[in-house]
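Enquirer: A predicted structure for the sequence below; I have some questions about it.
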Amino acid sequence: MTLFQPTYFPPIIQYVGIAKSSEIIFEVEDNFQKQTYRNRCYIYTSFGKHTLIVPVQHNKKEKQKTKDIKIDYKDGWQQLHLRTLITAYNSSPFFEFYIDDLLPIFEKQTTFLLDLNLKCHAFLMDALQLEIPSTKTIEYHTEPTILDLRKLAIAKGENIFQLDKYYQIFEENHGFIPNLSMLDLLFMEGPNALNYLESQKIQF
């Protein structure tokens, strides 16, 4: 049983943890924090590491729980993210294999960030053909009694884990970039992505 923070097309290290879990508990009672994977992910483009950010509506007067955060659609971020992904990965080995299942996430406006992140999780679990039961927290614990991997949602100053290399399209130009979004691993490795996750010798 492992505690995770739902994030936007999460970093690979988070799914290394998920692949090692017998049950997932998603944190939904925390306060929203900036500079985290809650509303951003990193992909590999021809220019190198690139950030995709989901804009959210902020309440400047008081803290908000992550589950209450609403997505801001005024600048058309869905179209931008989809175009960027297509440009970056349309020549990757498995892009066409997954794109049809990915499109609905960008074609429908989801009100809450939490719901969007859970849709990303459902897509990835289906793509990995991985079935692990999941539940949500009902209260926030600062020191939970189960394995706590909520820290994997921190994008700024994140922990450095030694992940194995895999083929990346622009590696000759910018070198191997570890711990990108799971989309990068999926588009590169396809059905072998789960084997990659399970083979990582990382102790949390």
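Expert: Sure thing, it's come through.

Enquirer: Would you mind finding the longest helix in the chain?
Expert: Under DSSP state H, the helix in the chain containing the largest number of residues is helix 113-128.

Enquirer: ok, residues contacting that one?
Expert: With contact meaning C-beta atoms under 8 Å, 6 or more residues apart in numbering, helix 113-128 is reached by 6-10, 15, 19, 26, 28, 38-39, 54, 56, 66-67, 69-71, 98, 101-102, 105, 110, 131-132, 134, 182, 186, 193-194, 197. Just so you know, the C-beta spots here come from the backbone N, C-alpha and C atoms, and that holds for glycine as well.

Enquirer: Just the buried residues out of the residues you listed, in PyMOL syntax.
Expert: Filtering the contacts of helix 113-128 down to the buried ones (16 or more other C-beta atoms under 10 Å) takes a single PyMOL command:
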select buried, resi 6+7+8+9+10+15+19+26+28+38+39+54+56+66+67+69+71+98+102+105+110+134+182+186+193+194+197
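
Enquirer: returning to what we had before: buried residues in the longest helix of the chain?
Expert: So, applying 16+ other C-beta under 10 Å, buried residues of helix 113-128: 113-114, 116-121, 123-125, 127-128.

Enquirer: Need the mean per-residue confidence for stretch 99-112.
Expert: Model confidence over stretch 99-112, given as mean pLDDT, is 96.

Enquirer: next one: the longest helix of the chain to chain centre, how far?
Expert: 8 Å (C-alpha atoms, centre = their mean, to the nearest Å).

Enquirer: hang on, the earlier thing: among the contacts of helix 113-128, which ones are in helices?
Expert: Using DSSP H, the members of the contacts of helix 113-128 that fall within helices are Tyr15, Ala19, Tyr98, Asp101, Leu102, Ile105, Met182, Leu186, Ala193, Leu194, Leu197.

Enquirer: Thanks a lot, catch you later.
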